[in-house]
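coords please:
(one chain, ligands or ions: 2)
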Amino acid sequence: KRKVIIDCDPGIDDSLALMLALSSLEIEVLGITIVCGNAPLQLGFANAKKVLRHMNRLDVPIYLGADKPLQKPFCDALDTHGSDGLGESYLEEVAGYEQNIDAVSFLCETLTKEACSIIALGPLTNLAHLIQQNAAAFANIEQLVSMGGSYKAHGNCSPVAEYNYWEDPEAAAIVYHEMERLQKQIHMVGLDVTRKIVLTPNLLSYIERLDAKQGSFIRKITKFYYDFHWKQEHLIGCVINDPLAVAYFLNPAICSGFSSNVQVACDGLSRGQTIVDAYDFYQRKANAHILTQVDVHAFFRLFISRILAIPTD
Ligand code: BDR
Ligand code: CA
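Ligands and ions are numbered 1, 2, ... in the order given. Predicted structure coming up:
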């Protein structure tokens, strides 16, 4: 089994991504590390516990990471995810489950002793702290997949920036820079591909018909998200970014793209923008594999079959 740590800021789509990962038996989720992003840190922790309880997987440890970005002031995305960070579902709280080490210590310990990949679904603050504290442990990451950035797609936080990298651009810049130094590539699952992953009302009804328990949970946590997308852009459905990063980790054939050098801008109008040097102007090492195409049907076949545990392939 491939081992993985999921670094996230749950968040509605993070929660769907956790559900997909936990239903995929070919991977072992060693732990979940929380970063502030969509929700403040403690709210993200509370939401991760709610998802684990729903999946009957409270055995998976959750570790608390950064409660603020490296330099910029913290700016949550509760306008998108609801005041509880989980679509205003206000599910019953789960008490306890605090670990006695923090996220970066857990990452250091795990990466020092075993091969493990990381799927990052939020701002890259925890990973930047890891580089600053133990670059050797960071270098041991087997595969690093990050939902964030955009190549040609319009931003969702500014005209040019995606939320995760906009929220903590210094952290993203450190991670991309370190990947370049290590001559490795981060798998950038950005808005070019995730914007195409729209959970439509039809798909949700289909899921409900097949599995009332999963369907009603997803309906509860996505209702706010549907309303948000309608108000924001008149989209009938909601874009679920984060599960695509997990799906790509499970089956890379779902997406395709190209490798290039990427730098992250930190300030001014371009804050959080991923500068993708597709024509190699800067003559720098390719530090990223940028996904540009996605087989949407393959994604939903995988997502639905896994979370409902019914084989469709
Ligand atoms: C990303 O930002 C968050 O709102 C989502 O959880 C996702 O990780 C999309 O830009
Ligand atoms: Ca997220």
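
And the residue of the stretch 151-300 of the chain closest to ligand 2?
residue 242 (4.9 Å; CB to the ion). (Each C-beta comes from the backbone N, C-alpha and C, glycine too.)

Tell me the spacing between that residue and ligand 1.
5 Å (CB to the nearest ligand atom, to the nearest Å).

again with residue 21
14 Å.

hang on, that residue packs against residue 5?
No: between residue 21 and residue 5 there is no contact, the gap being 10.3 Å when judged by CB atoms under 8 Å.

so what's in contact with the two at the same time?
Residues touching both residue 21 and residue 5 by CB atoms under 8 Å, 6 or more residues apart in numbering: 29, 119.

Neighbour count for those two, which is higher?
More neighbours surround residue 21 than the other of residue 21 and residue 5, with 28 against 23 (other CB atoms under 10 Å).

Could you list every helix and strand in contact with the one helix or strand that one maps to?
According to DSSP states H and E, residue 21 maps onto helix 12-22. Here helix 12-22 touches strand 2-8, strand 27-34, helix 41-54, helix 212-233, helix 242-250, helix 296-308, going by 3 or more CB pairs under 8 Å, 6 or more residues apart in numbering; DSSP states H and E.

now the angle between helix 296-308 and it, please.
Computed with axes from the mean of the first three to the mean of the last three CA atoms, to 10 degrees, the direction of helix 12-22 lies at 70 degrees from that of helix 296-308.

how much does helix 12-22 deviate in direction from helix 242-250?
30 degrees.

Next one: helix 12-22, is it in contact with ligand 2?
Yes: residues of helix 12-22 contacting ligand 2 under CB under 5 Å from the ion: residue 14.

what distance separates that helix from the middle of the whole chain?
Relative to the chain's own centre, helix 12-22 is displaced by 9 Å; criterion: CA atoms, centre = their mean, to the nearest Å.

Tell me how many other residues crowd the closest residue to residue 136 other than its chain neighbours.
Nearest in space to residue 136, with sequence neighbours left out and distances taken as CB to CB, 6 or more residues apart in numbering, is residue 112 at 7.7 Å. Residues lying near residue 112 (other CB under 10 Å) number 11.

Near ligand 1, which residues of the stretch 151-300 of the chain? Just list them.
Contact residues (CB under 6 Å from any ligand atom) of the stretch 151-300 of the chain with ligand 1: 156, 162, 163, 164, 241, 242.

try 8 Å this time
With CB under 8 Å from any ligand atom as the criterion, the stretch 151-300 of the chain meets ligand 1 at residues 156, 157, 162, 163, 164, 167, 191, 194, 239, 241, 242.

Thanks a lot, catch you later.
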